[in-house]
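Q: pasting a predicted model and its sequence here:
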Amino acid sequence: MSWTNWKFHVGYDIRAGPIISLASIYDLQQQRYRRVLYRGYISEFFVPYMDPTANWYFKTFLDSGEFGFGQSMVSLEPSADCPPNAAFLDAYFADEDGVPVKIANAICIFEKYAGDIMWRHTESELHDEEIREVRLDVSLMVRIVSTVGNYDYIIDWEFKPSGSIKMGVGLTGILGIKGTSYTHVDQIKEDVFGTLLSENTIGVHHDHYLTYHLDLDIDGQANSFMKTNLETVTVRNHSSPRKSSIRVDFINKRLLR
């Protein structure tokens with residue numbers, strides 16, 4: 001794929017679903033492409049349900065490893081799942097008998113502009129002159145939908161002109177529910193391990209944990225990761241009229257390999 005100052009590869013895997021690789025952005029000043037991401041994908045979805053009763057205690061799912069996140073991808077509806085300006089890609093995988101299975105319109109790619117500002121500045125302190133520059137935040141989106149059981153996951157990879165890559169996850173579909181004799185929350189005097197959604201229907205407590213595999217190659221392989229923490233520092237020696245300030249504490253640093 002090539003779009004404005006980006007170029008990258010969109011792949012497909014029966015387990016992981018969409019795989020983004022070799023993502024590079026063109027630097028106008030250096031007149032060359034600069035690598036950002038070597039390879040990225042969702043490696044696992046972990047969905048544990050928090051009902052310890054006999055009919056529910058075992059319901060902890062690994063949506064990628066057990067069901068195949070790519071195998072669970074569904075065809076996208078033009079002008080509904082994706083806007084009218086979207087282009088579509090098909091995906092193929094081999095079933096248990098080795099027969100090719102086609103997922104039509106499995107991936108859509110489109111430009112997204114929602115009126116956001118990427119960067120702007122107004123310089124008004126010049127004599128009798130005002131200079132203004134505004135840059136639009138127009139992105140390229142790569143989208144898929146994977147339906148695993150009762151949930152539909154909407155996965156977005158967003159390539160921004162600033163050089164950043166943003167991952168988005170939307171969750172829709174149908175909640176995991178169980179039947180109950182309760183018809184109103186005032187009747188509940190015990191832990192039902194969920195929320196009464198309507199009469200005789202409980203949505204069971206659970207969560208969704210996503211793990212991304214991100215092999216970053218920002219200007220090469222010698223990358224580092226640094227985590228910072230903001231700390232409040234109280235001024236006690238009267239060296240400043242201020243009573244406090246904020247200090248950045250570098251608490252972790254390691255090489256990415």
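A: Noted; the coordinates are in hand. Residues are numbered from 1 along each chain as shown.

Q: now S139, which residues is it bridged with?
A: Counting by DSSP bridges, S139 is bridged to K112.

Q: shaky segments in the stretch 151-257 of the chain?
A: 251-257 (pLDDT under 70).

Q: residue ranges for the strands of it, please.
A: Here the stretch 151-257 of the chain has its strands, by DSSP state E, counting those that start in this stretch, at 151-159, 165-173, 177-179, 194-198, 201-204, 209-216, 224-234, 244-255.

Q: out of the ones you listed, flag the one nearest P48.
A: strand 209-216 (7.9 Å; C-beta to C-beta). No exception for glycine: its C-beta is placed from N, CA and C like everyone else's.

Q: mean neighbour count, the strands of the stretch 151-257 of the chain: which tops it?
A: Neighbour counts (mean count of other C-beta atoms under 10 Å) averaged over each of these peak at strand 151-159, with a mean of 20.

Q: want to throw the strands of the stretch 151-257 of the chain into TSV with distance to V101?
A: Formatted as TSV, the strands of the stretch 151-257 of the chain follow (distance: least, C-beta to C-beta, whole Å):
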stretch	distance to V101
strand 151-159	19
strand 165-173	22
strand 177-179	30
strand 194-198	35
strand 201-204	32
strand 209-216	24
strand 224-234	39
strand 244-255	41
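
Q: of all those, which lies closest to L62?
A: Closest of the strands of the stretch 151-257 of the chain to L62 is strand 209-216, at 10.0 Å (criterion: C-beta to C-beta).

Q: before we move on, the earlier item: wait, which of the strands of the stretch 151-257 of the chain is closest to A91?
A: strand 151-159 (13.2 Å).

Q: packing partners of the closest one?
A: Counting by 3 or more C-beta pairs under 8 Å, 6 or more residues apart in numbering; DSSP states H and E, the packing neighbours recorded for strand 151-159 are strand 17-27, strand 32-48, strand 139-148, strand 165-173.

Q: what's the most buried one of those?
A: Across those, the average number of neighbours (mean count of other C-beta under 10 Å) peaks for strand 139-148, which reaches a mean of 21.

Q: and the nearest residue to S181 once chain neighbours are set aside, what does it touch?
A: Distance criterion C-beta to C-beta, 6 or more residues apart in numbering; nearest residue to S181, sequence neighbours excluded, is N200 at 6.9 Å. If a contact means C-beta atoms under 8 Å, 6 or more residues apart in numbering, then N200 has 179-183 as its contacts.

Q: do I155 as well
A: By C-beta under 8 Å, 6+ apart, I155 lies in contact with 17-18, 42, 143-146, 167-170.

Q: isn't D81 up against I144?
A: No. Distance between D81 and I144: 9.3 Å, which falls outside the contact criterion (C-beta atoms under 8 Å).

Q: overlap in contacts, those two.
A: Taking C-beta under 8 Å, 6+ apart as the criterion, D81 and I144 both touch 108, 154.

Q: return the residues in contact with the closest residue to I218 other than its chain neighbours.
A: Closest residue to I218 apart from its sequence neighbours, by C-beta to C-beta, 6+ apart: V36 at 5.9 Å. With contacts defined as C-beta under 8 Å, 6+ apart, V36 is in contact with 23-25, 163, 165, 216-218.

Q: out of those residues, the closest to F93 would be?
A: Taking the contacts of V36 together and measuring to F93 by C-beta to C-beta, the closest member is A23, at 23.5 Å.

Q: distance of the closest one relative to V74?
A: Applying C-beta to C-beta, to the nearest Å, the value for A23 to V74 is 25 Å.

Q: can you check Y153 too?
A: Y153 is 10 Å from V74, where distance means C-beta to C-beta.

Q: what do you get for N150?
A: Applying C-beta to C-beta, the value for N150 to V74 is 14 Å.

Q: bridge partners for the residue lying closest to D27 once chain neighbours are set aside, pull those for me.
A: Distances taken as C-beta to C-beta, 6+ apart place R34 nearest to D27, at 5.2 Å, with adjacent residues excluded. Beta-bridge partners recorded for R34 (DSSP bridges): I25.
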